[in-house]
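Peer 1: what follows is a predicted protein model with its sequence.
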Amino acid sequence: MITKTAIEPVIPTQRLQPLEDLACTVLESAARLSAKVRAPLRTQLVELTRWMHCYYSNLIEGQQTRVRDIEAALKQNFAAEPAKRDLQRLALAHLEVQRWAATQTGSPHNTEFIRELHRRFYAALPKEMRIATTSAGAQTPLTPGELRDRDVEVGSHVGPPHELVPAMLGHFQCRYESTDLSRLQRIIAIGASHHRLAWIHPFRDGNGRVVRLFSDAVIRQLGIDGGGLWSLSRGFARNRDEYYARLANADQERSTTSADESRGHLSERALWDFCEFTLRTMVDQIAFMERLLDLDGMEQRIEHYVHVVEPAVAKDAEKVFLLLREALLRGQFARGEAGRIVGASERTGRDLLSRAIATGLLTSESPKTPVSLALPAKVLDSYFPQLFPLTSIAQN
């Protein structure tokens, strides 16, 4: 008979050295990444990372939202086409939940926090998008934040009885908040808790998105988010088939004949595999962002953009580049410095600065405050190649 402890084991207990080595690499590389860029560029990059998390989490669900459409939605410019407009609404809901979650200081393993992720996501959607779809394709209204009140079957996974969901979530919180877990164990447990929450399947719909938002919150709580500059969802999406296969594999029950199985309802061996996959994905994504945010490389890509890609500044590309480089290296600079930076008169400096701002390459909170590097959708493929697929950024 299944009980609230059916999520056991909640963390691998055998063959720990390879997992601990990966967890150490995550700790070290996340610390390096957090020191890569200065404010206010860091603030923009953190928001861009939220776009990335949103984009790739939706992509895992089979929904591709163009980055330009996300940018347009943030300006309340919605597409006329219903399907595209719905994708924009999903993106905005996702971003809104991420911003809220980033302000929370409590435990992400708390049942109420997990329910609030779901509630805020669906509450941000219009009523016609708050629906749950059964495995048979039937659609029924969905109440944001409400735990499922019926049994479910998703693919080959049969969720635990709905009556047990509250107790299972309580056991989930108790086990993953245990003070017995070291910091390395908590990092290893990111993959484990990701799977176990998905296995509980607490909601009638939206579980995948909530689980990825949850893992994002755990990563931030553990201080290994590199200052908010990398996304686990990007790694999962780029290995989508393996992600789903390993998730499904970890659903299997414990084998009574295997030597590397511990006591518990579910397979420790399969959980170990998913934890190892998750840690490797984390290491890979942090390393990707470290390379991408290397200042020398960014400087070269920005120079290429203003000289080759952006026609609005072609005439004065070299001087505009000097302004952008200054913003990149210093984080921001006072408007009155523009002439000195470009080696021209104050008036010429002001004119070039105004053009760079009008073109969307530099930004400022007001006409009198310092300027910093801007990151509109149009520059992303040049400044940050492979951050998003090119087709997601392209205008057409």
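Peer 2: Thanks, I have the structure now. Numbers count the residues shown, from 1 in each chain.
Peer 1: so where's this structure uncertain?
Peer 2: Applying pLDDT under 70 to the chain flags residues 256-262, 390-396.
Peer 1: per-domain residue ranges of it.
Peer 2: Per automatic domain parsing, the structural domains of the chain span 13-292, 295-393.
Peer 1: for the ones you listed, give me CSV that also has mean neighbour count and distance to residue 5.
Peer 2: C-beta: built from backbone N, CA, C; applies to glycine. Formatted as CSV, the domains of the chain follow (neighbours: other CB atoms under 10 Å; distance: least, CB to CB, whole Å):
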stretch, mean neighbour count, distance to residue 5
domain 13-292, 18, 6
domain 295-393, 17, 42
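Peer 1: could you dump those domains to a markdown table with distance to residue 1?
Peer 2: Shown next, in a markdown table, are the domains of the chain (distance: least, CB to CB, whole Å):
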| stretch | distance to residue 1 |
| --- | --- |
| domain 13-292 | 10 |
| domain 295-393 | 47 |
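Peer 1: can you check which of those domains gets nearest to residue 4?
Peer 2: Closest approach to residue 4 among those (CB to CB): domain 13-292, 3.8 Å.
Peer 1: quick check: which element contains the residue most central in space within the chain?
Peer 2: Residue closest to the average C-alpha location in the chain (CA atoms, centre = their mean): residue 53, at 2.6 Å. Using DSSP states H and E, residue 53 falls within helix 41-60.
Peer 1: can you spell out which helices and strands pack onto the helix or strand following that helix?
Peer 2: Sequence-wise, the next helix or strand downstream of helix 41-60 (DSSP H and E) is helix 67-74. With contacts taken as 3 or more CB pairs under 8 Å, 6 or more residues apart in numbering; DSSP states H and E, helix 67-74 sits against helix 41-60, helix 82-102, helix 377-383, helix 390-393.
Peer 1: out of these, nearest to residue 329?
Peer 2: Of all the helices and strands packed on helix 67-74, it is helix 41-60 that lies closest to residue 329, at 9.8 Å by CB to CB.
Peer 1: any idea how far residue 144 is from residue 188?
Peer 2: Taken as CB to CB, to the nearest Å, the spacing of residue 144 relative to residue 188 amounts to 32 Å.
Peer 1: and what of residue 124?
Peer 2: Separation of residue 124 from residue 188 (CB to CB): 33 Å.
Peer 1: nearest spatial neighbour of residue 184, chain-adjacent residues omitted?
Peer 2: Excluding its sequence neighbours, the residue lying closest to residue 184 (CB to CB, 6 or more residues apart in numbering) is residue 23, at 4.5 Å.
Peer 1: for the helix or strand encompassing the one you found, output the C-alpha coordinates as CSV.
Peer 2: Using DSSP H and E, the element containing residue 23 is helix 16-34. Taking C-alpha atoms only, helix 16-34 is exported to CSV below (Å, rounded to 0.1, in the frame of the first residue of the first chain):
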residue,chain,number,x,y,z
LEU,A,16,28.3,9.5,-3.6
GLN,A,17,31.8,10.6,-4.6
PRO,A,18,30.9,11.3,-8.3
LEU,A,19,27.9,13.3,-7.3
GLU,A,20,29.8,15.2,-4.6
ASP,A,21,32.5,16.0,-7.1
LEU,A,22,29.9,17.5,-9.5
ALA,A,23,28.3,19.4,-6.7
CYS,A,24,31.7,20.9,-5.8
THR,A,25,32.2,22.0,-9.4
VAL,A,26,28.7,23.6,-9.3
LEU,A,27,29.7,25.6,-6.2
GLU,A,28,33.0,26.8,-7.6
SER,A,29,31.8,27.7,-11.0
ALA,A,30,28.7,29.5,-9.8
ALA,A,31,30.9,31.6,-7.5
ARG,A,32,33.0,32.6,-10.5
LEU,A,33,30.0,33.4,-12.6
SER,A,34,28.5,35.7,-10.0
